[in-house]
Structures are given as structure tokens and as C-alpha cells.
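A.B. asks: sharing a model that was predicted from the sequence below.
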Amino acid sequence: MVFFLGKGVWYFFVFFSALLYANTLVAQEIYIAPEDLDYSIIEQYSAGEKYITLYNKSNIPCIIENISTSCNCTLVEYNIESIAPQDSAKILIKYNTKKKGKFRRSIIIKSNAINANKFGENIFYITGEVINK
């Protein structure tokens, strides 16, 4: 026996299926606050520590694979593997203030966020200037 759906029922089924599928595609996007971290002017040998916040504005968990930096002068401390939907996580950035001068370093967040670049990375920058104490 073959079951035949009327056009209206068929269109409803297709629309509802597409709606369910689209709802699963509201993928994880991470937002970083502040977007770029400006240390402004800091004294040599000062702490050089600041926090950033990652926000997951989606309805599914955002998996954090790795957070790295562009050089050894910057460290990142975090203890998260994922960010729950509509939640946030704080990350500590430590810049080594021994060397004087202006700086611009990148922090690379590798995750499953859809707003990442083609390598699966969200990149933001820390900038500032270290001056004599």
C-alpha cells in the first residue's frame, strides 16, 4: 500500500523539516570582549595581566580546541574545553613587560565556531607600550 500525501501536507512536511534543520545550523559563534585588548601604556616589570571574556551566543556548545599566542612573550591561562550555549568564559592574558617598547601580539582561539577563519581560528590582538618604571 502506497501512502499519498496531499500537496499541502507535503509542503508542510518539507517546510517543517527545513525549519528543524535550520535550527540545528544556528551554530556556535564566539564573541570576544573586548574585541582587541589595548594595554595602553604600562610600566616595565608590571604585572601585565588582563582578562578577556568569550561569549557563546548560540544554542549549542562551542568547543575550544586550543588557545595560543604569536610569541613567547604572551601567555594564556584558561581551564575550559567548551562554552555552554548563551554562556561565557574568562581567559587570563599575561604579557611579559620586561622588554620596553610598543607591541602588537595575536591570540589565536581554535574552536568549532562558525565565525572563525578558514583554519577554524578566531584571532584578536593585544597592543600597548611598555615604558620605563
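C.D. replies: Noted; the coordinates are in hand.
A.B. asks: what residues does whichever strand or helix holds Arg105 touch?
C.D. replies: Here Arg105 sits within strand 101-111, counting by DSSP states H and E. The contact list for strand 101-111, computed with CB atoms under 8 Å, 6 or more residues apart in numbering, reads 28, 30, 32, 37, 52, 54, 62-71, 73-74, 76, 93, 95, 116, 119-130. Just so you know, the C-beta spots here come from the backbone N, C-alpha and C atoms, and that holds for glycine as well.
A.B. asks: show me just the buried residues among those.
C.D. replies: 28, 30, 32, 37, 52, 54, 62, 64, 67, 69, 74, 76, 93, 95, 116, 121-122, 124, 126, 128, 130 (16 or more other CB atoms under 10 Å).
A.B. asks: how many degrees apart are the next helix-or-strand element following the strand holding Arg105 and strand 101-111 in direction?
C.D. replies: Following strand 101-111 in sequence order, the next helix or strand is strand 121-131 (DSSP H and E). Here strand 121-131 runs at 160 degrees with respect to strand 101-111, directions being taken by axes from the mean of the first three to the mean of the last three CA atoms, to 10 degrees.
A.B. asks: where does this structure dip in pLDDT?
C.D. replies: The model of the chain has pLDDT under 70 over residues 1-27.
A.B. asks: ok, and what's touching the helix or strand hosting Ile63?
C.D. replies: Using DSSP H and E, Ile63 falls within strand 62-69. Outside strand 62-69, the residues that touch it by CB under 8 Å, 6+ apart are 28-30, 54, 56, 75-76, 78, 80-83, 89, 91, 105-113, 120.
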